[in-house]
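# Build the 3D model from these lines:
(one chain, ligands or ions: 1)
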Amino acid sequence: MPPRHLIIGAGTAGLNCVRTIREEGGGASEITLVAAERPYSRMVLPYYLDRSIAESHVFTATAATLAAWKVTTHIGKRAARLNPQANTLTLDDGTTLEYDDCLIATGSRAVKAPVPGADLPGVHSFWTLDQAREVIAGIGHGSHVVMVGAGFIAFTILNSILSLGAKLTIVEIAPRILPRMVDETGAVVVEAWLKKHGVGILTGATLARIEEARGKKRLKFKKGSDLVADLVIMATGIKPNLEWLQGSGIRINHGVLVDDHLRSSVPNVYAAGDVAEGKDGVTGAPVVHAIEPTAMEHGRVVGANMAGRDVAYRGSLNMNIVEVCRLDVASFGAWDEPKTEAFTGLRPDRSAYRKLCWSGDRLTGAIIIGRAGDIWSTNDVGMLKGLVQTGTRLGAWKEHLRRNPFDVKPAFIASRTTARLLPETILGRPSQAPELATTVTT
Ligand SMILES: Cc1cc2nc3c(=O)[nH]c(=O)nc-3n(C[C@H](O)[C@H](O)[C@H](O)COP(=O)(O)OP(=O)(O)OC[C@H]3O[C@@H](n4cnc5c(N)ncnc54)[C@H](O)[C@@H]3O)c2cc1C
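Numbering: from 1, shown residues only. As a prediction, the model looks like this:
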């Protein structure tokens with residue numbers, strides 16, 4: 001009997017797993033895909049919001065592609081109960097599916113601030129395609145949008161909102177913006193830049209309630225004046241979709257705990273992406289990295305293991321990169337460890353900031369802020385990511401970077417980091433086209 005693989009979730013992790021099983025030549029195996037939504041990429045939704053792409057371009061696999069990959073689909077169905085003893089999954093319509101191995105890749109969902117009025121019409125999250133459609137329908141030229149939350153996801157849609165001609169005010173409960181992405185100095189640089197570009201910013205502001213106000217929304221705070229908005233977007237955090245695993249016996253902490261092969265506490269049940277709590281490649285600690293590269297790498301490792309290979313995962317890299325009003329803002333690795341040795345450099349005249357964090361002569365984390373197109377920042381984003389990811393020993397270049405934190409290029413070249421990065425593919429081989437049952441054009 002060919003092995004029966006069950007993939008739950010058709011986001012980045014789930015689809016990369018399916019594709020990798022077929023790439024690895026597992027053509028004979030049976031693949032069943034269960035997903036609450038049609039497969040699409042959340043990461044491209046900001047480009048749909050500002051109309052850079054049509055809605056058809058957010059989808060990542062059509063029905064024809066999945067048929068060509070010989071995938072049996074249950075799209076629009078939710079996983080309701082997993083029974084690892086019986087190797088079965090029950091769906092919300094009562095269907096029971098059997099598997100030999102399965103992948104939990106149900107991602108996460110947006111969570112709104114728990115205040116009265118959060119569920120009023122016109123108060124949105126921006127996480128799913130349906131939510132993106134609602135926001136698109138509600139924003140117009142000249143609308144006042146209030147975004148509650150100044151974290152990474154809020155920043156991914158900031159440019160789109162402005163490019164639609166809307167006025168934007170960002171409200172953050174913490175004393176500064178991007179509290180989990182950059183340090184205090186970095187936040188000051190980004191805040192000054194955004195204010196210069198017409199974005200209103202209110203930090204240390206605790207939202208108390210949202211009320212209807214003659215077709216608009218009135219936001220009331222614990223302290224300070226009210227804000228009146230045409231549309232409110234809550235970018236106040238996400239939560240992994242794990243409730244359906246209750247009673248399954250699978251070990252869960254913040255996410256499903258996985259080993260270096262991405263197996264859960266039940267060996268034939270894997271987890272990947274936003275729902276998985278796996279190894280951080282820099283610190284080695286278990287962590288949920290709810291970002292696209294982790295979901296992609298996890299999915300590929302699980303796919304290879306399901307196809308019969310024995311692939312251990314090196315661990316994921318904490319990484320956030322965003323460009324707002326032509327300012328690049330990025331951080332990698334353990335940039336926030338209080339006891340770490342760190343060098344910083346600040347050039348307010350160029351809105352440029354660097355923080356380089358060390359363990360001995362290896363870079364363990366970095367923050368980079370600088371104007372997009374400024375050769376300093378654009379090149380350094382890639383080079384510092386490479387240095388943190390590979391943990392390359394920099395020897396005497398460490399002292400060079402202490403004196404010149406903006407001069408990364410010579411250290412990157414001299415340490416031959418590119419040569420170390422090139423063979424570092426996740427599966428130890430170049431990507432290839434998966435086996436297809438028939439040739440299709442999608
Ligand atoms: C607007 C936006 C911008 C972003 N930008 C970036 C970025 O620039 N860089 C970056 O690294 N990351 C970004 N992200 C985050 C990135 O999209 C996620 O980390 C990534 O999608 C996680 O992939 P995943 O496969 O784990 O989960 P998802 O892509 O969320 O997929 C989960 C799948 O599971 C399905 N599902 C959920 N519950 C069930 C259930 N009970 N039964 C069956 N199916 C279920 C869903 O329908 C979906 O198919 C962005 C996210 C958003 C919303």
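# in the stretch 1-150 of the chain, which ranges drop under the pLDDT threshold?
Along the stretch 1-150 of the chain, the model assigns pLDDT under 70 to residues 26.
# Could you check how many residues crowd around the residue in it that the ligand sits nearest to?
In the stretch 1-150 of the chain, the residue that lies nearest the ligand is residue 11 (2.0 Å; Cβ to the nearest ligand atom). Quick note: C-beta positions are derived from backbone N, CA and C, even for glycine. Using other Cβ atoms under 10 Å, residue 11 has 27 neighbouring residues.
# How about residue 228?
14.
# what about it, distance to the ligand?
25 Å (Cβ to the nearest ligand atom, to the nearest Å).
# Next secondary structure element downstream of the strand or helix carrying that residue?
Here residue 228 sits within strand 227-229, counting by DSSP states H and E. Remark: after strand 227-229, the chain's next helix or strand is strand 231-234, criterion DSSP H and E.
# Could you pick out the residues of the stretch 51-200 of the chain near the ligand for me?
Applying Cβ under 6 Å from any ligand atom, one finds that the stretch 51-200 of the chain approaches the ligand through 78-79, 105-107, 126-127, 153, 156-157.
# related to what we said a few turns ago, direction included, what does the strand holding residue 228 pair up with?
strand 216-221 (antiparallel) (DSSP bridges).
# I'd like the distance between the closest residue to residue 414 other than its chain neighbours and residue 343.
Leaving aside its sequence neighbours, residue 414 sits nearest to residue 397 (Cβ to Cβ, 6 or more residues apart in numbering; 6.2 Å). From residue 397 across to residue 343, the span is 12 Å (Cβ to Cβ, to the nearest Å).
# Over to residue 124?
Counting by Cβ to Cβ, the gap from residue 124 to residue 343 is 41 Å.
# Could you list the residues of the stretch 201-350 of the chain in contact with the ligand?
So the stretch 201-350 of the chain meets the ligand at 241, 244, 273-274, 290-293, 295 (Cβ under 6 Å from any ligand atom).
# Look at the residue nearest to residue 414 and say how many residues are nearby.
21.
# Residue 42 now?
23.
# quick one: contacts for it?
Applying Cβ atoms under 8 Å, 6 or more residues apart in numbering to residue 42 gives the contacts 11-12, 127-128.
# Please give me every residue in contact with the residue of the stretch 251-400 of the chain at minimum distance from the ligand.
Distances between the stretch 251-400 of the chain and the ligand by Cβ to the nearest ligand atom are smallest at residue 273, namely 2.2 Å. For residue 273, the contact set (Cβ under 8 Å, 6+ apart) comprises 9, 11-14, 105, 107, 290, 294-295, 298-299.
# if we go to 6 Å?
By Cβ atoms under 6 Å, 6 or more residues apart in numbering, residue 273 lies in contact with 13, 105, 107, 295, 298.
# longest single strand anywhere in this structure?
Longest strand of the chain, by residue count under DSSP state E: strand 362-371.
# ok, which stretches of the stretch 101-250 of the chain are strands?
101-104, 108-110, 123-124, 144-148, 167-171, 200-202, 207-213, 216-221, 227-229, 231-234, 238-240 (DSSP state E, counting those that start in this stretch).
# So what touches the fifth one?
Looking back up the chat, that one is strand 167-171. In contact with strand 167-171 (Cβ under 6 Å, 6+ apart) are residues 144-148, 150, 161, 199-202, 205.
# Drop anything exposed from the residues you listed.
Neighbour-count burial (16 or more other Cβ atoms under 10 Å) applied to the contacts of strand 167-171 gives 144-148, 150, 161, 199, 201-202, 205.
# Same question for the nearest residue to residue 299 once chain neighbours are set aside, what's its three-state structure.
In this structure, residue 299 finds its nearest non-sequential neighbour in residue 16, 2.9 Å apart by Cβ to Cβ, 6+ apart. Three-state call for residue 16 (DSSP: H, G, I helix; E, B strand; the rest coil): helix.
# Looking at the contacts of residue 42, which is nearest residue 305?
residue 12 (17.4 Å; Cβ to Cβ).
# Check the gap between residue 215 and residue 141 for me.
17 Å.
# what residues are up against residue 172?
150, 203.
# Next, give phi and psi for it.
Taking degrees, to the nearest 10, you get phi -130, psi 130 for the backbone angles of residue 172.
# how near is it to the ligand?
Distance from residue 172 to the ligand, by Cβ to the nearest ligand atom: 18 Å.
# quick one: the helices in the stretch 301-442 of the chain?
375-390, 397-403, 409-414, 417-421 (DSSP state H, counting those that start in this stretch).
# Output the third one as PDB, restricted to C-alpha atoms.
In this case it means helix 409-414. Provided in PDB are the C-alpha atoms of helix 409-414 (Å, rounded to 0.1, in the frame of the first residue of the first chain):
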ATOM      1  CA  LYS A 409      30.700  44.800   3.400                       C
ATOM      2  CA  PRO A 410      34.500  44.200   4.000                       C
ATOM      3  CA  ALA A 411      33.700  41.900   6.900                       C
ATOM      4  CA  PHE A 412      31.100  40.000   4.900                       C
ATOM      5  CA  ILE A 413      33.500  39.500   2.000                       C
ATOM      6  CA  ALA A 414      36.600  38.700   4.000                       C
END
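# Give me the buried positions along that helix.
Buried, per 16+ other Cβ under 10 Å, within helix 409-414: 411-412.
# What ranges does the stretch 51-200 of the chain have for its helices?
Under DSSP H, counting those that start in this stretch, the stretch 51-200 of the chain gives helices at 63-68, 129-138, 152-163, 184-196.
# what's the closest of those helices to residue 284?
Closest among those, using Cβ to Cβ: helix 152-163, at 23.3 Å.
# What residues of the closest one count as buried?
For helix 152-163, by 16+ other Cβ under 10 Å, it's 152-162.
# What is the nearest of these to residue 417?
Nearest member of those to residue 417, counting by Cβ to Cβ, is residue 152, at 25.6 Å.
# quick one: the residue nearest to residue 99 when sequence neighbours are not counted from residue 268, how far?
Among residues not flanking residue 99 along the chain, residue 6 sits closest, at 3.7 Å (Cβ to Cβ, 6+ apart). Applying Cβ to Cβ, the value for residue 6 to residue 268 is 10 Å.
# Those two - which one has more neighbours?
residue 6 (27 against 15).
# In this structure residue 5 contacts residue 31, no?
Yes: at 5.0 Å, residue 5 counts as touching residue 31 under the criterion of Cβ atoms under 6 Å.
# for residue 100, what are its contacts?
Taking Cβ under 6 Å, 6+ apart as the test, what residue 100 contacts is 3-4.
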